[in-house]
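>>> below are the sequence and a predicted model; questions follow.
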Amino acid sequence: MGRFVVRRLLQIIPIFFGVTFLVYFLVSALGSPLDTLSPQQKRNPAYLEYLTEQFNLNDPFIVQYFKYIGNVFTGDLGTTFAGESVTEIVITRMPVTATLAGTALVIELVLGIVIGVVAARRRGKLFDNASLVIALIFIAIPVFVLAFVLQWLFGIKLGWVVPTGISEGWPLSYIVPAFVLAAGSLAYVIRITRQSLLETLNTDFIRTARAKGLPAGTILRRYGLRNSLIPVVVFLGLDIGALMTGAVVTEGIFNVPGIGQQLFTSIKQQEAVVIVGIVTLFVIIFQLLNLLVDVISAALDPRIRYE
Amino acid sequence: MRNRRRSFVVGAVGLAAGLLLTACSSSSDSSSGSDDSAAATGGSFSMAIEKPQALTPTNCYDLYCAQVNRTLFEGLIEFQKSSEGALEPVKTDLAKDITTADDGKTWKIEINPGFSFTNGEAVTAQTFVDTWNYAAYGDNGQQLGFVMGPDQLNIVGYDQVASNKSKKMSGLNVESDSVLTVELEKPMGQSLFYNFLGGPQVLPLPSTAIKDPKAYEKQPIGNGPYKLEAPWTNQGMTVVRNDDFAGEAGNADEIEFKIYADNNALWADLQANELDVASTLPQNALVQAESVLGDRFINDEGGLQYAYYGYPVNDPTFKEKDVRVGLAKAINWDEINDKIYFNTRTTATSFAPDTIPGGGKDVCGDSCVFDGAKAKELIDGAGGVPGGAVLIPQLANETGDVQKAICNQIQTNTGVKCTPQIYKDFGELVGAVTGDKATKGLIYGLGWIADNPTIQNMITANFSSTSPYNDLGYDNPEFDRLLQEGNAATDTATQIEKWQQAEKVIYDDFRAWATQFRNNIGGYSTRVSNVDISPDGIVDLSVVQVNS
């Protein structure tokens, strides 16, 4: 297990280089960031010269990339055009996105598993069918439609929460955007939990437990749930990555000053340095979460072993 | 793993990413007709902004930082509405006298004592000299340094400083604590000089700003009616009343600027009464804004921004003037403004709206009047459009509704084939008309946002033959001569007249025409009153009253 973890951690190194190179290449292919300025904004030759110098815009792509990577290893992730340091952007914005994604994850976890379990136990009944229909609706609705509807309903019509921003702090300001973020995945968690639990409850060892006369609650908690949660954990682990990147839309609509909002702005302005920094961070987080999912799966199911 | 595909909501960005150098609007003077010069009402309110690129005045290149800086700084010149409704530059409380003894070559600026930054440092003549030298120095990377250069103020010694050869412009000199002199390369009329002193780039900076710009940017220290008590963040900033301010104090005790990355979010907050003042609204809110906000919806004509179309000089497609006029007459701008912009734009007949001294005239005349039949007649009479087709540019972040409407009208009215052509960014669009591989048949179009309320500013950069930003390649010596004569005129009336004549030359050539002025759009909550957007897009926050 230890060797497995070390090997997986070492894999991050080539992935880091691959991703930074690829993203840097793609953003550079969009053209010079100076092209996004209107002619009116380009009136100061001295300033344009300063930017060109600062961001090595006259160098060929490959030289720009290696200069950038060189700086990264000295701990300098570069700056935006406006002079804001990328490190600082990540430090101030990452916690906001993490809070949002974390809240969404909790919603998925709690609501998803509870509804999934109840649906499984009342298989074929009204609750089961209703949860299926609602799950399908959540999967089908585009995120931004759900976002605007909930924002209008809770923020404007009912006035229970401030429609946008995080001025009211956690949880009040986060609950609606987090629910929007979670909605799509929530439906999957419900379905996966239900399906997996039903399968487990039909296995031989559960039947044995029943035959031995164990109380139904104990069977469900100790044998049924524990064994049927593995696919749910795998799904949720990978979903955190999707929650982080999915936050781009949600953060825009709810004006949450997180990392997704910054990514969107930077892509519009073709600021390679910022985009590479954020995307690389996403990829590394995704890698680590994957590793964590594998480790937890092994802990849940003794049959899973890594060499 | 399922594929998580999500669509982006892309708003119509249009001109929004422009710059605005004028940090003005009529301050709380009684001449503007409002009788609210009573005691400060106190209270606090919020205003929506986009995230400014920077707050430091010498780097302040967008409307949002200009708006915030209006509360944090006091400059030498501000703009007030004259009795005719045009913006005119007047001295602030800080400026005692700005005079010239030699017809505009050398200027003496005298400042009133008693003004200081909120860190206690006094605002002196030296402050201004240091700030302007700092702005101009190339390696300082200050975006607005060019204002000191040939484009605008044209201070002696600018080139040396911009190219990092010297740290001091030889034209700037300190006479005493309260007097500095500014020597210009060429004489300049008073009105123009005043106008150039009206922007944020000439606001005074304390010495800490120059010593440690990075730290300063986080929490700028100003000399204005309000001050920042904490560093600003991605969520915004709150300014509180500066009790030591020597000028006229603002009404509210506290103003919160909320940063919105997306206008739709701002609109949601405004409807919920959670946001008090907005000086912009998303495109898709325009259709319902009036019914939702009622009296609190602002839609003021006379914004200092125009959109224009023009015909690249080296494109033989547009060699015949009748073709150029015909294409212009084929487009019904009133209908586009009504149907697509919900009357938040105004059809233009000159390059300057009536909020600019000498603006608002019908310079274009018949050429800008929509007449489909006449359009076809003109084009057919000139033998048709060479190639038989024209292109209308569209930036990738625009929805394209307008371009489609224009093309439909051109095609229906004249039979000339018209298609929108998409460009990914400004660089690509400019490249399509300049350079050797220019696209044939492209009707070039962009916008202009005034740096200051003068006709000169509206027409110089786009049409002067010596301007590097003259993408059309327009070159008419008569135009250049009139423009220069206007710039050098010491008498304001003569000056405006010369500029108007220069403007007329463009329309006579009909190489380009202004299509629309953008109205100032906004709204406010039930919690505040006396909210007004100045023509330059800035709200005078010091007069806003918080309802008790």
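Everything's here; your move.

>>> residues of the stretch 401-548 of chain B that sit close to chain A?
Proximity of the stretch 401-548 of chain B to chain A (CB under 8 Å from any CB of the partner chain) is limited to residues B:424-428, B:430, B:446-449, B:461, B:469, B:471. C-betas here are computed from N, CA, C, even on glycine.

>>> let's see if you can find the most crowded of the residues you listed.
Among those, residue B:449 has the most neighbours (other CB atoms under 10 Å in any protein chain shown), with 26 neighbours.

>>> how about the contacts made by the closest residue to residue B:504 other than its chain neighbours?
Closest residue in space to residue B:504, ignoring its immediate chain neighbours: residue B:363 at 5.5 Å, by CB to CB, 6 or more residues apart in numbering or on different chains. Residue B:363 is in contact with B:349, B:350, B:351, B:500, B:503, B:504, B:507, counting by CB atoms under 8 Å, 6 or more residues apart in numbering or on different chains.

>>> contacting residues around the fourth one?
Spelled out, that is residue B:500. B:358, B:361, B:363, B:455.

>>> so what's the residue in the stretch 1-150 of chain A that chain B sits nearest to closest to, chain neighbours aside?
Residue nearest to chain B within the stretch 1-150 of chain A (CB to the nearest CB): residue A:35, separated by 2.4 Å. With CB to CB, 6+ apart as the criterion, residue A:35 has its nearest non-adjacent residue at 2.4 Å, and that residue is residue B:427.

>>> and residue A:47, by the same measure?
Nearest to residue A:47 is residue B:143, by CB to CB, 6+ apart, at 4.9 Å.

>>> just to check, that neighbour is in contact with residue A:44?
Yes. Using CB atoms under 8 Å, residue B:143 makes contact with residue A:44 at a distance of 5.9 Å.

>>> show me which of the two is the more surrounded one.
It is residue B:143, of residue B:143 and residue A:44, that has more neighbours when counted by other CB under 10 Å, with 29 against 24.

>>> can you give me the strands in the stretch 301-450 of chain B?
B:305-310, B:345-347, B:389-395, B:417-423, B:444-449 (DSSP state E, counting those that start in this stretch).

>>> let's have those in CSV, adding mean pLDDT.
Conversion of the strands of the stretch 301-450 of chain B to CSV gives the following (pLDDT from 0 to 100):
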stretch, mean pLDDT
strand B:305-310, 94
strand B:345-347, 94
strand B:389-395, 94
strand B:417-423, 94
strand B:444-449, 90
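
>>> right, and those - which one's nearest residue B:512?
strand B:305-310 (3.2 Å; CB to CB).

>>> what's in contact with the closest one?
By CB under 8 Å, 6+ apart, strand B:305-310 touches B:15, B:18, B:328, B:348, B:351, B:353, B:443-450, B:458, B:462, B:472, B:474, B:511-518, B:537.

>>> quick one: which of the contacts of residue B:500 is nearest chain A?
residue B:455 (16.7 Å).

>>> run a quick neighbour tally on the closest residue to that closest one other than its chain neighbours.
Spatial nearest neighbour of residue B:455, excluding adjacent residues (CB to CB, 6+ apart): residue B:499 at 4.0 Å. Under the neighbour criterion other CB under 10 Å, residue B:499 is assigned a count of 29.

>>> taking strand B:305-310 as reference, get the angle to the helix or strand harbouring residue B:499.
Under the criterion of DSSP states H and E, residue B:499 resides in helix B:492-509. Counting by axes from the mean of the first three to the mean of the last three CA atoms, to 10 degrees, helix B:492-509 points 40 degrees away from the direction of strand B:305-310.

>>> what stretches of the stretch 251-400 of chain B score poorly on pLDDT?
Scanning the stretch 251-400 of chain B for pLDDT under 70 picks out no residues.

>>> got the residues of it near chain A?
Listed as neighbours of chain A in the stretch 251-400 of chain B under the rule CB under 8 Å from any CB: B:258-262, B:264-266, B:268-269, B:271-272, B:274, B:397.

>>> go again with 7 Å.
B:258, B:260, B:261, B:262, B:264, B:265, B:268, B:269, B:271, B:272, B:274 (CB under 7 Å from any CB of the partner chain).

>>> the residue lying closest to residue A:46 once chain neighbours are set aside: how many residues sit nearby?
Leaving out its chain neighbours, the residue that sits closest to residue A:46 by CB to CB, 6+ apart is residue B:138, at 3.9 Å. Using other CB under 10 Å, residue B:138 has 19 neighbouring residues.

>>> also residue A:41?
20.

>>> tell me the predicted confidence for it.
Residue A:41 is assigned a pLDDT of 79 by the prediction.

>>> returning to what we had before: dihedrals phi and psi, the residue of the stretch 1-150 of chain A closest to chain B?
phi -70, psi -20 (degrees, to the nearest 10).

>>> hmm, residue B:425 and it touching each other?
Yes. Using CB atoms under 7 Å, residue A:35 is in contact with residue B:425, at 4.6 Å.

>>> for the contacts of residue B:363, which one is nearest chain A?
Once CB to the nearest CB is applied, the member of the contacts of residue B:363 that ends up nearest chain A is residue B:351, at 14.1 Å.

>>> residue B:503 versus the closest one, what's the distance?
6 Å (CB to CB, to the nearest Å).

>>> okay, and the common contacts of those two?
residue B:459 (CB atoms under 7 Å, 6 or more residues apart in numbering or on different chains).

>>> so the longest helix seen in chain A, near chain B or not?
Counting residues, the longest helix found in chain A (DSSP state H) is helix A:86-121. Yes. Interface with chain B: helix A:86-121 contributes A:92, A:93 (CB under 7 Å from any CB).

>>> pull out the buried residues from that helix.
Buried residues in helix A:86-121, counted by 16 or more other CB atoms under 10 Å in any protein chain shown: A:86, A:89-90, A:92-94, A:96-105, A:107-109, A:112-113, A:115-121.

>>> what packs against it?
The contact analysis (3 or more CB pairs under 7 Å, 6 or more residues apart in numbering or on different chains; DSSP states H and E) places helix A:86-121 against helix A:126-140, helix A:175-201, helix A:230-253, helix A:259-268, helix A:272-300.

>>> circling back to that earlier point, wait, which of the residues of the stretch 401-548 of chain B next to chain A is closest to residue B:248?
Distances from residue B:248 to these, taken by CB to CB, are shortest for residue B:449, at 28.0 Å.

>>> and the nearest residue to residue A:159 once chain neighbours are set aside, what does it touch?
The shortest distance from residue A:159 to any non-neighbouring residue, by CB to CB, 6+ apart, is to residue B:272 (6.3 Å). Residue B:272 makes contact with A:155, A:156, A:159, A:163, according to CB under 7 Å, 6+ apart.

>>> pLDDT weak spots in the chain?
Assuming you mean chain A. A:306-307.

>>> can you look at chain B instead?
B:1-40.

>>> which parts of the stretch 101-250 of chain B are strands?
B:106-111, B:172-176, B:179-183, B:226-228, B:236-241.

>>> tabulate these in JSON lines, adding columns for mean neighbour count and distance to residue B:73.
Putting those into JSON lines (neighbours: other CB atoms under 10 Å in any protein chain shown; distance: least, CB to CB, whole Å) gives the following:
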{"stretch": "strand B:106-111", "mean neighbour count": "19", "distance to residue B:73": "14"}
{"stretch": "strand B:172-176", "mean neighbour count": "15", "distance to residue B:73": "19"}
{"stretch": "strand B:179-183", "mean neighbour count": "19", "distance to residue B:73": "18"}
{"stretch": "strand B:226-228", "mean neighbour count": "23", "distance to residue B:73": "9"}
{"stretch": "strand B:236-241", "mean neighbour count": "20", "distance to residue B:73": "11"}
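
>>> rebuild those as TSV, extending it with distance to residue B:391.
Formatted as TSV, those follow (distance: least, CB to CB, whole Å):
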stretch	distance to residue B:391
strand B:106-111	47
strand B:172-176	48
strand B:179-183	46
strand B:226-228	48
strand B:236-241	41
